[in-house]
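Participant: Let me see the structure of the following:
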Amino acid sequence: MATLARKLRLHDYFALAFGTMIGTGWLVLMDDWLGRGGPLGAILGYAIGGIILLPVGYVYGQWVKRLPDAAGEAAYTAQVFPPVVSYFTGWMMLLAYFIVCPWEAVALGKLAAYVFPWLNSMELYRVAGQPVFLPRLVLGVVLTIFLGVLNYRGIRLSANFQKLMTSAVLVCFLMIVALSVTHGAPVNFHPLFSRTPLISILLTLQIVPYFMTGFESAPKYAEESNPEFRAGSYLWAIALALGIGAFFYAMCIAAVTYSAPWQSLLGKRFATAIAFESALKVHWPVTMIFTMALLGLFQCFNGNFAASTRLLFAFGRRRTIPAGFGMVHQEFQTPSVAVLGITVGTLGGLLLGDALLVPVTEVGSMASALGWFAACISFWMVEKRAGMRVVTGLGILVSLVLFLMKVLPVFPGHFSPAEWIAFGVWVALGAALHWGKS
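Facilitator: You can find the predicted model right below:
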């Protein structure tokens, strides 16, 4: 029986985890971030988010040492909860990864149309009032199929692609920060918050789980580590991804706000590019920013695509969904049927167009926080050492609060009816696959 290829090292795990986190949100949704928190509220939201998620990352690092299973949260919760709880916990985490794939496929057309306006032509139909254009749809289809083929043919190809994209994104990021320092002004930060400081930070914290989801993806590849890979290195990969990811988002917000008055960017598409073009009075930084955004899109799409396939594969192997999804390709040693499944699902989501962009942020945030909560509470139940339980307790508290912030009406920015419907559709699909597996 074929098994998954064992070829990944520490830098591969970091690239896959970091790349799964960092996509195009810092360009496509910068105006939304600033509208939520103002510059300092948004910066503190991401900085605090990165810090408070460290206990959650620690729990994942401990879990993967004990249980190196591609099922991740489903495997962890299975140690202490009934099978149905385990399955739906994993199914929620699959949502957090998978939902990013059509998001990035749609975002590709949105980015490209900014540079090539003719792509906004040949309208096919509308979803929630948003037009879907044929050229942009074709771009998303091509990229989805490319990543599908890449992941079908081997984890080594996927990991090398991820490392290349991650390195290029970090280089471009440093250049953008340097440009901001030399051409911006502190006065552009005023006012520091969009509302009261606490509300501004809370509104940003609500979306942090969605944009920080990915640090916990490293354990999904635990069965594909190089034979010489040390189990303790998973924690290093997770911590690096969390720390550098939070720093990346915070510095992007700071660089944009330092470059142009932030209130002038509200409601503007691609506010990050507009800020730098306004500050420098030339167009070439915009080209660099869009290049960086495309690289980030590729790495985020690929990272979430790969993580989704591992979870779907693990569900099939555990026979909690049709067993065919658990097949491994004899030659490429990849979860080939799961790759095909995620490819088809992404193409289906792509058909929804721009109407997909904002709601998935909210639903993905809730799904991520729920998965983190389940992993932490499961570890609390199996771990007896007092010190470990203290850290795990912090992880439980953080993930529970992040989850409740999305579902309780008492918090501003809670789920809308449309988001509850999207969540319900996903649960129904999971139920249909689970109970119709035989």
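
Participant: Where does the residue lying closest to residue 343 once chain neighbours are set aside sit, in terms of helix or strand?
Facilitator: Distance criterion Cβ to Cβ, 6 or more residues apart in numbering; nearest residue to residue 343, sequence neighbours excluded, is residue 148 at 3.7 Å. For glycine as for every other residue, the C-beta is placed from the backbone atoms N, C-alpha and C. Residue 148 is part of helix 134-152 when elements are defined by DSSP states H and E.

Participant: following that helix, which helix or strand comes up?
Facilitator: Sequence-wise, the next helix or strand downstream of helix 134-152 (DSSP H and E) is helix 155-183.

Participant: tell me the angle that following helix makes with helix 134-152.
Facilitator: For helix 155-183 against helix 134-152, the angle by axes from the mean of the first three to the mean of the last three Cα atoms, to 10 degrees is 130 degrees.

Participant: Next secondary structure after helix 155-183?
Facilitator: Counting by DSSP H and E, the next helix or strand C-terminal to helix 155-183 is helix 197-205.

Participant: Could I get the buried residue list for that next one?
Facilitator: Residues of helix 197-205 classed as buried by neighbour count (16 or more other Cβ atoms under 10 Å): 199-205.

Participant: Residue 229 contacts residue 8, correct?
Facilitator: Yes - taking Cβ atoms under 8 Å as the definition, residue 229 is a contact partner of residue 8 at 7.0 Å.

Participant: and those two? which has more neighbours close in?
Facilitator: The neighbour comparison of residue 229 against residue 8 (other Cβ atoms under 10 Å) goes to residue 8, with 24 against 19.

Participant: Beta-bridge partners for the more buried one, please?
Facilitator: Per DSSP bridges, the residues bridged to residue 8 are residue 225.

Participant: shouldn't it be in contact with residue 226?
Facilitator: Yes - with contact defined as Cβ under 8 Å, residue 8 counts as touching residue 226 (6.1 Å).

Participant: rewinding a little: elements contacting the helix holding residue 148?
Facilitator: Helix 134-152 sits against helix 100-115, strand 123-127, helix 155-183, helix 284-317, helix 336-350, with contacts defined as 3 or more Cβ pairs under 8 Å, 6 or more residues apart in numbering; DSSP states H and E.

Participant: what comes into contact with it?
Facilitator: 101-102, 105-106, 108-110, 112-113, 118-124, 157-158, 161, 298, 301-302, 305-306, 309, 329, 332, 334, 336, 339-340, 342-343, 346-347, 350-351, 353 (Cβ atoms under 8 Å, 6 or more residues apart in numbering).

Participant: what angle do that helix and helix 100-115 make?
Facilitator: With the same axes, to 10 degrees as the basis, helix 134-152 and helix 100-115 are set at 140 degrees to each other.

Participant: Buried residues of helix 134-152, list them for me.
Facilitator: 136-137, 139-141, 143-144, 147-148, 150-152.

Participant: same deal with stretch 335-354?
Facilitator: Using 16+ other Cβ under 10 Å as the test for burial, stretch 335-354 gives 335-343, 345-347, 349-354.

Participant: CA atoms of that stretch as CSV?
Facilitator: Presented in CSV, the C-alpha positions along stretch 335-354 are these (Å, rounded to 0.1, in the frame of the first residue of the first chain):
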residue,chain,number,x,y,z
PRO,A,335,-3.3,12.1,-1.8
SER,A,336,-4.4,12.3,-5.4
VAL,A,337,-8.2,11.8,-5.0
ALA,A,338,-8.3,14.5,-2.2
VAL,A,339,-6.3,16.8,-4.5
LEU,A,340,-8.9,16.3,-7.3
GLY,A,341,-11.7,16.9,-4.7
ILE,A,342,-10.3,20.2,-3.5
THR,A,343,-9.7,21.3,-7.1
VAL,A,344,-13.3,20.7,-8.1
GLY,A,345,-14.6,22.4,-4.9
THR,A,346,-12.4,25.5,-5.6
LEU,A,347,-13.7,25.7,-9.1
GLY,A,348,-17.2,25.6,-7.8
GLY,A,349,-16.6,28.4,-5.3
LEU,A,350,-14.9,30.5,-7.9
LEU,A,351,-18.2,30.8,-9.7
LEU,A,352,-19.5,33.0,-6.9
GLY,A,353,-17.1,35.8,-7.9
ASP,A,354,-16.5,38.9,-5.8
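
Participant: for the record, mean pLDDT for that stretch?
Facilitator: Averaging pLDDT along stretch 335-354 yields 90.

Participant: Other residues contacting it?
Facilitator: With Cβ under 8 Å, 6+ apart, stretch 335-354 has contacts from 4, 98-99, 101-103, 105-106, 110, 127, 130-132, 136-137, 140-141, 144-145, 147-148, 151-152, 305, 308-310, 312-313, 316, 324-329, 356.

Participant: For ChimeraX, write the select line for the buried members of the residues you listed.
Facilitator: Per 16+ other Cβ under 10 Å, the buried members of the contacts of stretch 335-354 correspond to this ChimeraX selection:
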select :4,98,99,101,102,103,105,106,110,132,136,137,140,141,144,147,148,151,152,305,308,309,310,312,313,316,325,326,327,328,329,356
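
Participant: residues making contact with stretch 172-183?
Facilitator: Stretch 172-183 is contacted from outside by 248, 251-252, 254-256, 258-259, 276, 279-280, 285, 288-289, 291-292, 295, using Cβ under 8 Å, 6+ apart.

Participant: what's the spacing between the residue lying farthest from the centre of the chain and residue 431?
Facilitator: What lies farthest from the middle of the chain is residue 281; by Cα atoms, centre = their mean that is 33.1 Å. Separation of residue 281 from residue 431 (Cβ to Cβ, to the nearest Å): 56 Å.

Participant: rewinding a little: kindly reformat the buried residues of helix 134-152 as CSV containing distance to residue 63 and pLDDT.
Facilitator: CSV is the format used below for the buried residues of helix 134-152 (distance: Cβ to Cβ, whole Å; pLDDT from 0 to 100):
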residue, distance to residue 63, pLDDT
136, 40, 92
137, 40, 91
139, 38, 92
140, 35, 92
141, 37, 94
143, 33, 93
144, 31, 95
147, 28, 93
148, 29, 94
150, 28, 93
151, 24, 93
152, 28, 94
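
Participant: Among those, which one lies nearest to residue 218?
Facilitator: residue 151 (16.6 Å; Cβ to Cβ).

Participant: from the buried residues of helix 197-205, which is closest to residue 40?
Facilitator: Distances from residue 40 to the buried residues of helix 197-205, taken by Cβ to Cβ, are shortest for residue 200, at 7.7 Å.

Participant: from what I can see the closest one touches residue 41, true?
Facilitator: Yes - counting by Cβ under 8 Å, residue 200 does reach residue 41; the two are 2.9 Å apart.

Participant: what's the overlap in contacts for these two?
Facilitator: 193-194.

Participant: Relative to residue 399, which of the helices and strands packed on helix 134-152 is closest?
Facilitator: Of these, nearest to residue 399 by Cβ to Cβ is helix 284-317, at 18.1 Å.

Participant: what is the orientation angle of the closest one with helix 155-183?
Facilitator: Inter-element angle recorded for helix 284-317 and helix 155-183: 150 degrees (by the same axes, to 10 degrees).
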